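J.: got a sequence here, can you build the structure:
(chains A and B, ligands or ions: 2)
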Amino acid sequence: MAEMTYRDALKQALRDAMAEDDTVMVIGEEVGRYGGAYGVTKGLYEEFGPDRLIDTPISEPAIVGAAVGAAMSGLRPVAELMYVDFIGMTMDQLGNQAAKIRYMFGGQVGVPMVLRTQGGTGRSAGAQHSQSLEAYVMHTPGLRLVMPATVSDAYHLLRQSLKQPDPVVFIEHKALYTMKEDVDLAAPAPEWGKARVHRTGDDLVIVTYSRQLHHVLAAAEAMARKGVQATVIDLRSLNPLDFDTVRTHVERVGRVMVVSEGVMTAGVGAELSARIHEECFDFLAEPVIRVCGEDIPISVSVELEKNSVPTAAFIQTAGEKLVGLRTAA
Amino acid sequence: MTAPIDTAVAEKVPRSNTELLALYRQMRRVRTFEERVGELFVRGQSAGSMLHLSIGEESAAVGVASLMRDGDTFTTHHRGHGIFLARGADPNRMMAEIGGKEEGYCRGKGGSMHIADMGLGHLGANAIVGGGIPAVVGAGLASKREGRGAVSIAFFGDGAMQQGILYESMNMAALWDLPVIFVCINNQYGMGTRIEQATKGRALHERGLAFGLNSETVDGLDVRDVRAAAGRIIDGARGGTPGFLAVECYRFFGHARMDKSPYRTPEDEEQGRAKDPVGFARKALVESGESSEADLDALDAEIAQEMDATIDFTVAAREPALQTMFRDVYAPGEPEPESVAARIDRILAGD
Ligand SMILES: Cc1ncc(C[n+]2csc(CCOP(=O)(O)OP(=O)(O)O)c2C)c(N)n1
Ligand SMILES: [Mg+2]
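T.: Ligands and ions are numbered 1, 2, ... in the order given. Modelled structure (predicted):
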């Protein structure tokens, strides 16, 4: 066991993958000499050199497109988008090229690349640097989607992403980089595509992923002190999606809340809610409640930003209303 | 052939010392404002740390903005405080926006990277590298239709020279003879990447020429040179030939507030900072006898006072009320998005 940050776990995953497989290379803005805008690749340039850590001009569509071609040509590129907010610029390369090449070309070739990026609020970075855009990716068949919430998942999920036959979009959360955890990287990796149940309770189920896991766990602790016991599920990856784990607990408990930082409408929470209603309808005591980002852009103002996405206190209040401990206004 | 430039235009741009004093004053205002932005951050009163100072680039902002007229429009990149200040912004409202306050230009929603003001033709600062460039093509179309001779200017950094959208925009501007200007403020760096590490084609104006734009590169040391070059380019654009201008300068400090520039040497910084447009103008004023050191000290002190007040204004300004978070997603009068809390209450109250 060693204490490690989320950032260092990501770096270690890249380092181990690069040492093990010399086709793995990192390509993106400031990934080499600078060490990454959030410091994830710091030191790797010195270890692996400029052929493995390729600094690019500010040209996002070509960065992603080059990774697509490299992946089709025998390399294992890790392209980095400094902010997930720039994904729109690359959506053709990602959605029309990377995601569809295996299918359109009749299964001849895959695109085994990883697109690493980060999103979310927490830095007063404003409307164009604070979004949670995972729904764009989840809405595109052919793309895997991974969003680690813990330090050990940051390591294992990135290692596993680098072994996938298909393109993986790997979205980190900017507020988690300095989070520390005791981890044993040598311990067996969790199964790819499996959700993790962090605690089990009989009063409600809270399904979440990425940074919101920590808000949810804090809310669950606070509710437990009032005698309300929550089951907390971290999905870890949204594609593949471990719906079996969700179903098992929903059918047992009957009250469900889905918590996500992305905006509510047509988001990940909407997809989960729809599936739960369709597949577990007879087991539900209450409608599935979505606790998501407000349907608005993110402001630079600290207070507005904080209140644009779920907080632990907000999740707790919603949970207590769902179980009837509080009355809805 | 270089650009088809009407040399007579250059002569029309005055180069008197009185004018230099006015340009100096604006450049000093920009620099002092940016210093106060740094101070606001150190005091913990800024909204976040993504604050990009334009110190070292004052001649680009002031040289070009000094030739803009009522009705002209512009967009800027993320390092745009100086440009807007030079165009006539109220420094108090700018600083309040940087502090995320209600009294700011965008009511605390935009922040440093998204200041805008339709009243002064500022179509908006942008946090997407290259994101603000194509809007000037549209503004150019509107201006051409109205026929009032207004130009629209996109300001951006050297980093944006490697974004494809710039070339799509320049091509359209030329194709449709639009009153549009592309101004690249080449401060030699995009974050930690020196321009040599980003492109082999470093004669930036050649890219404008390739699309049929009047194009020049000018050294940013002497603001009078920048103004003269901008005069030629802007004049061309008012006549329907779009232009491109690269201003060579140096980013004196880190990319944003948290960046200590570990990727460049002290020698590089020393050399770069020697290219100081504010210091150069001051020296020229004194040497020509137009102003005395004492006069300029007094002017600087007056500007320091003006800019000190922006911090007081910002500290005293209000946080935006929480409910304003739902305002302006859509037009006034349209229903605001329902809050998550209200929706949950509505659903659960149904029992
Ligand atoms: C599309 C996009 N890519 C990357 C970034 C991250 N980023 C912000 S500023 C910057 C460097 C920009 O350099 P330049 O255009 O020269 O402007 P300067 O900062 O030097 O004024 C980068 C890479 C961004 N904001 N938008
Ligand atoms: Mg630059």
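J.: ok, the longest strand seen in chain A: who's next to it in the sheet?
T.: Using DSSP state E to define each element, chain A has its longest strand at strand A:256-263. Using DSSP bridges, the strands paired with strand A:256-263 are strand A:204-208 (parallel), strand A:289-293 (parallel).
J.: and the next helix or strand past it?
T.: Once strand A:256-263 ends, the next helix or strand along the chain (criterion: DSSP states H and E) is helix A:268-280.
J.: which parts of that next one are buried?
T.: Residues of helix A:268-280 classed as buried: A:V268, A:G269, A:A270, A:E271, A:L272, A:S273, A:R275, A:I276, A:C280 (neighbour count, 16 or more other C-beta atoms under 10 Å in any protein chain shown). (Glycine included, C-beta is placed from N, CA and C.)
J.: just checking, what packs against that helix?
T.: Packing partners of helix A:268-280 (3 or more C-beta pairs under 8 Å, 6 or more residues apart in numbering or on different chains; DSSP states H and E): helix A:134-138, helix A:243-253, strand A:256-263, strand A:289-293.
J.: give me the contacts around it.
T.: With C-beta atoms under 8 Å, 6 or more residues apart in numbering or on different chains as the test, helix A:268-280 has contacts from A:134-135, A:138, A:207, A:209, A:238, A:243, A:246-247, A:250-251, A:256, A:258-260, A:262, A:264, A:284, A:287-288, A:290-292.
J.: contacting residues for the residue in the stretch 101-250 of chain A that ligand 1 sits nearest to?
T.: With C-beta to the nearest ligand atom, the shortest gap between the stretch 101-250 of chain A and ligand 1 falls at A:H129, namely 7.0 Å. Contact analysis of A:H129 by C-beta under 8 Å, 6+ apart lists A:Y83, A:D85, A:R123, B:M50, B:M113, B:A127.
J.: give me that answer again for 7 Å
T.: A:Y83, A:D85, B:A127 (C-beta atoms under 7 Å, 6 or more residues apart in numbering or on different chains).
J.: and stretch A:220-240 with chain B, contact?
T.: No - contact of stretch A:220-240 with chain B (C-beta under 7 Å from any C-beta of the partner chain) is absent, the minimum separation being 14.9 Å.
J.: chain center to that stretch, what's the gap?
T.: Chain-centre distance of stretch A:220-240: 17 Å, with C-alpha atoms, centre = their mean, to the nearest Å.
J.: circling back: filter the contacts of helix A:268-280 down to the buried ones.
T.: Taking 16+ other C-beta under 10 Å as the criterion, what is buried in these is A:134-135, A:138, A:207, A:209, A:238, A:243, A:246, A:250, A:256, A:258-260, A:262, A:264, A:284, A:287-288, A:290-292.
J.: excluding its backbone neighbours, what's nearest A:R252?
T.: The spatial neighbour of A:R252 that comes closest, neighbours along the chain excluded (C-beta to C-beta, 6 or more residues apart in numbering or on different chains), is A:D202 at 7.5 Å.
J.: now do the phi/psi pair for that neighbour.
T.: phi -100, psi 0 (degrees, to the nearest 10).
J.: and it, how close does it get to B:R43?
T.: The gap separating A:D202 from B:R43 is 50 Å, by C-beta to C-beta, to the nearest Å.
J.: how many neighbours does B:A125 have?
T.: 29 (other C-beta atoms under 10 Å in any protein chain shown).
J.: same question for A:Q164.
T.: For A:Q164, using other C-beta under 10 Å, the count is 16.
J.: again with B:T324
T.: Using other C-beta under 10 Å, B:T324 has 16 neighbouring residues.
J.: cool, B:D312 as well?
T.: A count of nearby residues for B:D312, using other C-beta under 10 Å, gives 11.
J.: for it, give its distance to ligand 1.
T.: 28 Å (C-beta to the nearest ligand atom, to the nearest Å).
J.: on the three-state scheme, that residue is what?
T.: helix (DSSP: H, G, I helix; E, B strand; the rest coil).
J.: picking that back up, ok, the residue nearest to A:R252 touching A:V253?
T.: Yes - using C-beta atoms under 7 Å, A:D202 makes contact with A:V253 at a distance of 6.0 Å.
J.: among the two, which residue is more densely surrounded?
T.: Taking other C-beta under 10 Å, A:D202 and A:V253 do not tie; A:V253 has more neighbours (21 against 14).
J.: which residues touch the more buried one?
T.: Applying C-beta under 7 Å, 6+ apart, we find A:V253 in contact with A:D202, A:L204, A:V205, A:T231.
J.: did I read that right, B:V226 in a strand?
T.: No - according to three-state DSSP, B:V226 belongs to no strand; its state is helix.
J.: still on that earlier bit, now for the contacts of A:V253: which two are most distant?
T.: Within the contacts of A:V253, two members stand farthest from each other by C-beta to C-beta: A:D202 and A:V205, at 9.6 Å.
J.: report the beta-bridge partners for B:S215.
T.: Using DSSP bridges, the beta-bridge partners of B:S215 come out as B:F244.
J.: next one: the longest strand of chain A to chain centre, how far?
T.: Relative to the chain's own centre, strand A:256-263 is displaced by 13 Å; criterion: C-alpha atoms, centre = their mean.
J.: got the angle for it vs helix A:243-253?
T.: If you take axes from the mean of the first three to the mean of the last three C-alpha atoms, to 10 degrees, strand A:256-263 sits at 130 degrees to helix A:243-253.
J.: residues contacting strand A:256-263, please?
T.: Residues outside strand A:256-263 that contact it (C-beta under 7 Å, 6+ apart) are A:120-121, A:132, A:134-135, A:204-208, A:210-212, A:216, A:250, A:267-269, A:272-273, A:276, A:288-295, A:309-310, A:315, A:318-319, A:322.
J.: tell me, which of those residues make contact with ligand 1?
T.: When contact is defined as C-beta under 6 Å from any ligand atom, the contacts of strand A:256-263 do not meet ligand 1 at all.
J.: redo the helices and strands packed on helix A:268-280 as JSON lines? Include distance to B:T73 and mean pLDDT.
T.: Output for the helices and strands packed on helix A:268-280, formatted as JSON lines (distance: least, C-beta to C-beta, whole Å; pLDDT from 0 to 100):
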{"stretch": "helix A:134-138", "distance to B:T73": "31", "mean pLDDT": "98"}
{"stretch": "helix A:243-253", "distance to B:T73": "51", "mean pLDDT": "98"}
{"stretch": "strand A:256-263", "distance to B:T73": "31", "mean pLDDT": "98"}
{"stretch": "strand A:289-293", "distance to B:T73": "33", "mean pLDDT": "98"}
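J.: show me what contacts the residue lying closest to A:E251 once chain neighbours are set aside?
T.: The spatial neighbour of A:E251 that comes closest, neighbours along the chain excluded (C-beta to C-beta, 6+ apart), is A:F283 at 4.4 Å. By C-beta under 7 Å, 6+ apart, the contact set of A:F283 is A:V250, A:E251, A:G254.
J.: would you pull up the residue in chain B closest to ligand 2?
T.: Using C-beta to the ion, the closest approach of chain B to ligand 2 is made by B:G157 at 3.7 Å.
J.: mind checking the SS state of residue 108?
T.: By default, I'm working from chain A. coil.
J.: show me which residues of the stretch 101-250 of chain B sit near ligand 2.
T.: Listed as neighbours of ligand 2 in the stretch 101-250 of chain B under the rule C-beta under 5 Å from the ion: B:G157, B:D158, B:N187, B:Y189, B:G190.
J.: contact partners for the second one?
T.: Contact analysis of B:D158 by C-beta under 7 Å, 6+ apart lists B:C184, B:N186, B:N187, B:Q188, B:G190, B:I195.
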